[in-house]
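Trainee: below are the sequence and a predicted model; questions follow.
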Amino acid sequence: MSSLLRTTLVGFLVGVLGTGVGGSMAFLLRNPSKRFLSAIIGLSSGLMVAIVTFELIPEAFMLGNTFTISAGIAIGAFLASYLDILISHIHKKSFNGRQGYIKTAILIGVAIALHNFPEGLAIGSGFVAETRLGLGLAVVIALHNMPEGLAMVTPMRVGGYSSTKAFLLTLLAGAPMGLGAFVGALIGEYAYGFIGVCLAFAGGTMLYITFGELIPRAKDLHGGRISTVFAILGFIIGMLISKRF
C-alpha cells in the first residue's frame, strides 16, 4: 500500500469513527423526555464552544495572523448564516415545529464536514513530516470528534429521524477528513498556512450554529435552567479534553 493511500485511509477512518462514536448515542435515545433532550443539546453546545475556544482558534493562531483568523471566522459565520437562510427557504414547509431540529442537524453536519477537512490536512501533512506525528494527530482528532457526533445526532433524533439513519449521517459527516488527509499528504509542509485559515473558517460556522441553533433549540425543548447548566458542564468537559490531549 502506498503512503498516500495509507494516509488517506487513516484520515477517512479517523473522521468516520470519531463522529460515529458520538453518533452511536442515537441508539440510546429511545423516547427521551424533553428535559433530557434539552440537557443533551445544552451539553453539545458547551462542547462545541469549547472545541472552537481551546482547539480550533488556538491552532489557527499558531498557523496564521490575527487578520486572517478574524476574516476566516467572519466568513465561516456568514456562510453558516447563508446556509441557514437557504435551507429554510427551500424547505420552508418541511422545517416547521419538530422538523426545525432537522435543519439544525443539517447545519451541524455541514460545520463538522468543514471542520474535518482541515483536520485531515493536518493528519496528511503530519504523516509527511513524521509517521509518529501523523498517528498522534489522528488519535487526538478522533477523540475530539466524538462530541461533534453527539451534537449532530441529538437534534436529528428529536426531529424524528430513526436511530440508524441519524447514525449513518454522522458517519458521512466525518468522511471529508479522508479528502483532507489526501490533500495534506500531497502538499506536505505547504499545507500549514492553509490549515490555519480553514480552522478559523470552520470555527466561525460552529459558533454561528451553536449560538443561533443549538442553544435556542435547547431552550425551546425545556424552559428551565437545565440546558444552561449542561452547556457550562459541556464547556468544562471540552476544556478538560482539550488540555488533556
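Mentor: Good, I have the coordinates.
Trainee: can you pull out the low-pLDDT segments for the chain?
Mentor: 1, 90-99, 129, 133, 188-192, 244-245 (pLDDT under 70).
Trainee: mind naming the longest helix for it?
Mentor: Ranked by residue count and defined by DSSP state H, the top helix of the chain is helix 100-129.
Trainee: quick one: distance of that helix to the chain centre.
Mentor: 6 Å (Cα atoms, centre = their mean, to the nearest Å).
Trainee: kindly report the same for stretch 33-42.
Mentor: Distance, centroid of stretch 33-42 to centroid of chain: 19 Å (Cα atoms, centre = their mean).
Trainee: quick check: the spatially most central residue of the chain vs residue 232, distance?
Mentor: Centroid check for the chain by Cα atoms, centre = their mean gives residue 112 as the closest residue, at 3.2 Å. Here residue 112 is placed at a distance of 22 Å from residue 232 (Cβ to Cβ, to the nearest Å). Where you see a C-beta, it was placed from the backbone N, CA and C, and this is true even at glycine.
Trainee: next: residue 106.
Mentor: 26 Å.
Trainee: who's more crowded, those two?
Mentor: Just comparing residue 106 and residue 232: by other Cβ atoms under 10 Å the higher neighbour count belongs to residue 106, 22 against 15.
Trainee: in terms of contact, does the more buried one touch residue 87 like I think?
Mentor: Yes - between residue 106 and residue 87 a contact is recorded at 6.1 Å, counting by Cβ atoms under 8 Å.
Trainee: can you name every helix or strand that the helix or strand where residue 17 lies contacts?
Mentor: Assessed by DSSP states H and E, residue 17 sits inside helix 3-23. Under the contact criterion of 3 or more Cβ pairs under 8 Å, 6 or more residues apart in numbering; DSSP states H and E, helix 3-23 touches helix 100-129, helix 131-158, helix 163-174, helix 176-187.
Trainee: got the angle for it vs helix 131-158?
Mentor: Here helix 3-23 runs at an angle of 40 degrees relative to helix 131-158 (axes from the mean of the first three to the mean of the last three Cα atoms, to 10 degrees).
Trainee: list the buried ones in stretch 135-148?
Mentor: Within stretch 135-148, the residues that count as buried by 16 or more other Cβ atoms under 10 Å are 137-138, 140-148.
Trainee: what does it contact?
Mentor: Contacts to stretch 135-148, defined as Cβ atoms under 8 Å, 6 or more residues apart in numbering, come from residues 10-11, 14-15, 17-19, 21-22, 44, 47-48, 51, 55, 108, 112, 115-116, 119, 122-123, 126-127, 173-174, 177, 234, 237-238, 241-242, 245.
Trainee: what does stretch 211-229 give?
Mentor: So stretch 211-229 is in contact with 34-35, 37-39, 41-42, 44-45, 48, 80-81, 84, 100-101, 103-104, 107-108, 151, 155, 158, 231, going by Cβ under 8 Å, 6+ apart.
Trainee: kindly check the end-to-end length of it for me.
Mentor: 15 Å (Cα to Cα, to the nearest Å).
Trainee: got the buried residues for that stretch?
Mentor: 212-215, 217-219, 221-222, 226-228.
Trainee: got it, and stretch 114-131?
Mentor: Counting neighbours by 16+ other Cβ under 10 Å, stretch 114-131 gives 114-128 as buried.
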